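K.L.:
Everything below, folded, please.
(one chain, ligands or ions: 1)
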Amino acid sequence: MERKDFIEQVGLSAASVLIFGCMQSCSKSDSPAPSQPTGTNNNNTVKTIDFTINITISPYTNLNTAGGFYIDRTNSIIIARTLTNEFLAVSAVCTHQQVILDFEASNNRFYCSGHGSTFSTTGAVTNGPAAAPLKQYKTALSGNLLRVYS
Ligand code: FES
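P.N.:
Presented below is the predicted three-dimensional model:
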């Protein structure tokens, strides 16, 4: 083999290795973007709540009666109307093991059927095993429109 032929063959082999390596690297860049680092998902972000519902229109009509309540599953908020026509809004998720709460109008409290925890109208724990309070939201009624906000 001539020296010139040898150099051409080695050069082609080296170029092949470089091209193959580059193609592998490039194909990795086509993969989906990495997910968020562990521990920084949307549950850890603070979500601003501000929405208005018409309590005379379905599915909110339970709130048009004293003692009624509605669970907004989109925002995980339970909205209740007490027997004295006060509007309440707290997180709908029990702080013990994340069961969705009910409102007990006759006892004026939020109740978890999971393990019996109860919460006051402000979301404070009144009976465990839940230890942490519910997040409370503000409410404002104007005519038939109820605003729920943080
Ligand atoms: S999940 Fe609510 S008390 Fe256990």
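K.L.:
Show the contacting residues for the nearest residue to C94 once chain neighbours are set aside.
P.N.:
Excluding its sequence neighbours, the residue lying closest to C94 (C-beta to C-beta, 6 or more residues apart in numbering) is C112, at 4.1 Å. Backbone N, C-alpha and C define where each C-beta goes, glycine included. By C-beta atoms under 8 Å, 6 or more residues apart in numbering, the contact list for C112 reads C94, H96, V99, L101, D102, T118, F119, A130.
K.L.:
filter those residues down to the ones near the ligand?
P.N.:
The subset of the contacts of C112 lying close to the ligand, counting by C-beta under 6 Å from any ligand atom, consists of C94, H96, V99, A130.
K.L.:
For the chain, which strand extends over the most residues?
P.N.:
Secondary structure assigned by DSSP state E gives strand 136-142 as the longest strand of the chain.
K.L.:
Tell me the bridge partners for L146.
P.N.:
I53, L141 (DSSP bridges).
K.L.:
Please tell me how far it sits from V125.
P.N.:
26 Å (C-beta to C-beta, to the nearest Å).
K.L.:
hang on, the earlier thing: between which two of the ones next to the ligand among the contacts of C112 is the distance greatest?
P.N.:
Across the ones next to the ligand among the contacts of C112, no pair lies farther apart than V99 and A130, at 9.6 Å, counting by C-beta to C-beta.
K.L.:
And the closest residue to N75 other than its chain neighbours, how far from Q97?
P.N.:
Residue nearest to N75 in three dimensions, not counting chain neighbours: I49, with 5.9 Å by C-beta to C-beta, 6+ apart. For I49, the distance to Q97 equals 23 Å [C-beta to C-beta].
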